[in-house]
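A.B. asks: give me a model of this one.
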Amino acid sequence: MRTLAAAALLTVTTVGLQSQSNGPQPTPMPPPIVAPRDVPYPGTVRLAVDAADLDRHLFSVRETLPVRAGEHLVLLFPQWLPGSHSPSGRIDKLGGLTIRANGTSLEWRRDVVDVFAFHVDVPQSASALDIEFQLMSPVEAAQGRVVMTAEMLNLQWNTVVLYPAGYFTRQITVEPSVKLPGGWQLATALETATTRADVTTFKPTPLETLVDSPIFAGKYFKRFDLDPGAAVPVRLNLVADRPELIDPKPEQLEAHRELVRQAYKLYGSHHYDHYDFLVALTDRMGDIGLEHHRSSEDGVSPGYFTAWERLTDDHDLLPHEYTHSWNGKYRRPADLWTPNYNVPMRGSLLWVYEGQTEYWGFVLAARSGMLTRQQTLDAIGSIAASYDHRIGRQWRPLQDTTNDPTAAQRRPLAWRSWERSEDYYFEGQLVWLDADTLIRELSGDRRSLDDFASAFFGGSGTSYVPVTYTFDDVVKALNTVQPYDWASFLRTRVEKIARTPLDGLARGGYRLVYTDTPTEYFRNSEVRRRVSDLMFSLGFVVSDDGRLTEVLWDGPAFKQSLTVGTQIVSVNGVGYSGDRLREAIRDAQKSGAAIELAIRNGDRYRSVSMNYREGLRYPRLERDTSKPARLDQILAPRK
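C.D. replies: Sure, this is the predicted structure:
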């Protein structure tokens, strides 16, 4: 025990040391930017975007902002983006910012801490500011997602607006307009006011609704009514690289119409006054799948219709994004909702927001005929196998991956199976399959997760004002459907270091197995991705040119120090091809001989002997006839 004298001496010594410090001290932080308030912004912002400069990929912006004379104003560029759940606003793409009042240029100052904020002092004589800048969108994929090509464009309003700090975005009214290349057509959830020549002006709308209502426009455009005769229209809007790509067959169009019908049967209501699928069939504009309340941005392969039977792993995208109108936009996690786009989002419930949406995306794809029952089973089998090999579960719970939109922002990973990355999507899907089959089992197959979806996401009426929820709300709703200790059920699977949640497969009447032949769904996915997926045998995915694109942590390739980027030059002394490598795996299983690979990393070459003799292993689901076929029941269309 210390004596009082010793303690006093220690205190004096410590104080003495502090007083002798002569190092630098922190510079005081600037005053915080004013927090948003739920009060109307005075006046209407006029926002005009010229999107006709296809060659240079430039969007030119003119904005007129009503202001109070003499005020100090902070303008914000959106940073935290709904649907992305992350601070991924591309402020680096803003250029040429000029602010004028009464024709005179004003000085602006970027905030020294928040680079998304710009300070400007409004002159005493000014009632409005005229703002101009350009969005310098990527001209190639290395610079980011390409949003403008010679045939189409994707205008996201959050990339072309500066808005005043201090207000909820639902309280800022904007009158937007866009100029398109001559002869182009557009689709958006916004309501058109006028169209003159190539300029479309939309009705004034809250900034919150504007950012939630992007535009797809194109030279080649078609629109289809997915709910003919309905008071609330649902439309399929298509743009494509070539005109022949947007001519769906009647049965393909019928599958999309059945998607709407099955969604209504599942949720029991809708929370929009119209809905627009914005679909780009392209390999020139960047990929996208992004939800909105009354629309969705969906990027699919050019052969979405013309190669319908082969490009099956595209077919769950529209059901997924459509489901978000209910789960994510109408019902939204309380900590994910923010009053403006510069208040940080928190994604603690993304395993509900995205995980259950992923679940319903596949279920609705099967129920509507976008995927066959077998294709859906094969897809679920592939997902289950991938997450059964997601060895990072040994150190990182599913809950922690909800931080990835902020921490990782989908940057390339060297060891995905160990690091984990936004696993709340597909592992979350398996959690909800587990919950669905458990509800069915406990209730004697009288109730299901359908009942939860109808009550929790459907609700009553057609209001599309967001309603937020918490973990406790989810648990309460599940208990209303089927009494159980749902809090422990969810926390064990989400918050704890846990095994792969495969109980839903077993309870659903299926088991995960591996065979030496890929399912048609698996093989089609390989062809589309231009890879040979040998993750469950040699422990890697290899592109058609021999480059490894993913390596399984602690798998056979990992143990030979192979990494992403390794190039396979030859297999058993002969130049690389995917077929040759698969044949070598078969031969090794029969003969017991090692697989000899010549590999290259940069300018270094070496030989690798892989003593792997277990043959090709591809996942699929096998029916367990000792259990009820609940998974088949889940995927069956509702009558």
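A.B. asks: state the distance from the closest residue to Leu635 other than its chain neighbours to Glu258.
C.D. replies: Setting aside the residues directly before and after it, Leu635 is nearest to Ala366 in space (CB to CB, 6 or more residues apart in numbering), at 4.0 Å. The way it works is simple: take the backbone N, C-alpha and C, and place the C-beta from them, glycine included. For Ala366, the distance to Glu258 (CB to CB, to the nearest Å) stands at 11 Å.
A.B. asks: in terms of neighbours, single out the busier of the two.
C.D. replies: Taking other CB atoms under 10 Å, Ala366 and Glu258 do not tie; Ala366 has more neighbours (28 against 17).
A.B. asks: let me see the contact set for Met148.
C.D. replies: 51, 54, 57, 59, 137, 154, 285 (CB atoms under 8 Å, 6 or more residues apart in numbering).
A.B. asks: for Thr98, which three-state class applies?
C.D. replies: strand (DSSP: H, G, I helix; E, B strand; the rest coil).
A.B. asks: excluding chain neighbours, what is closest to it?
C.D. replies: Using CB to CB, 6+ apart, the closest residue to Thr98 is Glu132 (4.7 Å).
A.B. asks: for Gly355, phi and psi?
C.D. replies: phi -60, psi -50 (degrees, to the nearest 10).
A.B. asks: what sits against it?
C.D. replies: Residues counted as contacts of Gly355 (CB under 8 Å, 6+ apart) are 424-425, 427-429, 431-432.
A.B. asks: what score does Gln20 have for pLDDT?
C.D. replies: With respect to pLDDT, Gln20 scores 69.
A.B. asks: again with Arg507
C.D. replies: Reported pLDDT for Arg507: 98.
A.B. asks: spatially nearest residue to it (excluding sequence neighbours)?
C.D. replies: Counting by CB to CB, 6+ apart, the residue nearest Arg507 is Thr437, at 3.7 Å.
A.B. asks: surely that neighbour and Asp632 touch.
C.D. replies: No. In this structure, Thr437 is not within contact of Asp632 by CB atoms under 8 Å, at 11.5 Å.
A.B. asks: who has more neighbours out of these two?
C.D. replies: Thr437 (26 against 15).
A.B. asks: export the helix or strand harbouring the more buried one as CSV, just CAs?
C.D. replies: For Thr437, the host element (DSSP states H and E) is helix 426-442. Output of helix 426-442 as CSV, limited to C-alpha atoms (Å, rounded to 0.1, in the frame of the first residue of the first chain):
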residue,chain,number,x,y,z
PHE,A,426,-25.5,-12.6,-47.6
GLU,A,427,-24.8,-14.0,-44.1
GLY,A,428,-27.7,-11.8,-43.0
GLN,A,429,-29.8,-13.6,-45.7
LEU,A,430,-28.9,-17.0,-44.0
VAL,A,431,-29.9,-15.6,-40.6
TRP,A,432,-33.3,-14.7,-41.9
LEU,A,433,-33.7,-18.1,-43.6
ASP,A,434,-33.0,-19.5,-40.2
ALA,A,435,-35.6,-17.3,-38.6
ASP,A,436,-38.3,-18.1,-41.3
THR,A,437,-37.9,-21.8,-41.0
LEU,A,438,-37.9,-21.6,-37.2
ILE,A,439,-41.2,-19.7,-37.2
ARG,A,440,-42.7,-22.3,-39.6
GLU,A,441,-41.5,-25.1,-37.4
LEU,A,442,-42.6,-23.6,-34.1
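A.B. asks: tell me the buried residues in it?
C.D. replies: By 16 or more other CB atoms under 10 Å, the buried positions in helix 426-442 come out as 426-440.
A.B. asks: okay, now the closest residue to His320 other than its chain neighbours: neighbour count?
C.D. replies: Leaving aside its sequence neighbours, His320 sits nearest to Gly361 (CB to CB, 6+ apart; 3.2 Å). Neighbours of Gly361 under the rule other CB under 10 Å: 26.
A.B. asks: mind checking the SS state of Gly361?
C.D. replies: Gly361 - assigned by three-state DSSP - is helix.
A.B. asks: residue contacts, it?
C.D. replies: 316-317, 319-321, 323.
A.B. asks: one more time with 7 Å
C.D. replies: 316, 319-320, 323 (CB atoms under 7 Å, 6 or more residues apart in numbering).
A.B. asks: list the buried ones in stretch 402-417?
C.D. replies: Neighbour-count burial for stretch 402-417 flags 402-406, 408, 415-417 (criterion: 16+ other CB under 10 Å).
A.B. asks: ok, of those residues, which one's closest to Ala117?
C.D. replies: Comparing these against Ala117 with CB to CB places Thr406 closest, at 18.8 Å.
A.B. asks: can I assume that closest one sits in a helix?
C.D. replies: Yes. Counting by three-state DSSP, Thr406 is part of a helix.
A.B. asks: and this protein, what are its domains?
C.D. replies: Following automatic domain parsing, the chain resolves into domains at 38-202, 344-357+372-510, 520-618.
A.B. asks: can you say which of these is nearest to Ser301?
C.D. replies: That would be domain 520-618 among the domains of the chain, by CB to CB, at 6.7 Å.
A.B. asks: measure the closest one end to end?
C.D. replies: Using CA to CA, to the nearest Å, the end-to-end distance of domain 520-618 comes out at 11 Å.
A.B. asks: of the contacts of Gly361 - the most surrounded one?
C.D. replies: Of these, with other CB under 10 Å as the count, Thr323 tops at 27 neighbours.
A.B. asks: Glu358 is in contact with that one, correct?
C.D. replies: No. Contact criterion CB atoms under 7 Å: Thr323 and Glu358 do not qualify, at 8.8 Å.
A.B. asks: could you name every residue contacting both of those two?
C.D. replies: Shared contacts of Thr323 and Glu358, defined by CB under 7 Å, 6+ apart, are absent.
A.B. asks: so where's the chain uncertain?
C.D. replies: Along the chain, the model assigns pLDDT under 70 to residues 1-20.
A.B. asks: kindly recompute the last result at 50.
C.D. replies: 1-17 (pLDDT under 50).
A.B. asks: and the residue nearest to Thr98, that's in a strand?
C.D. replies: Yes. Using three-state DSSP, the assignment for Glu132 is a strand.
A.B. asks: how about the contacts made by it?
C.D. replies: Per CB under 7 Å, 6+ apart, neighbours of Glu132: 61-62, 96, 98.
A.B. asks: picking up where we left off before, strands - which of the contacts of Met148 land there?
C.D. replies: Counted as lying in strands by DSSP state E, out of the contacts of Met148, are 51, 59, 154.
A.B. asks: JSON lines for the residues you listed, including neighbour count and distance to Trp486?
C.D. replies: What follows is the ones in strands among the contacts of Met148, written out as JSON lines (neighbours: other CB atoms under 10 Å; distance: CB to CB, whole Å):
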{"residue": "Ala51", "neighbour count": "26", "distance to Trp486": "48"}
{"residue": "Phe59", "neighbour count": "24", "distance to Trp486": "47"}
{"residue": "Asn154", "neighbour count": "27", "distance to Trp486": "40"}
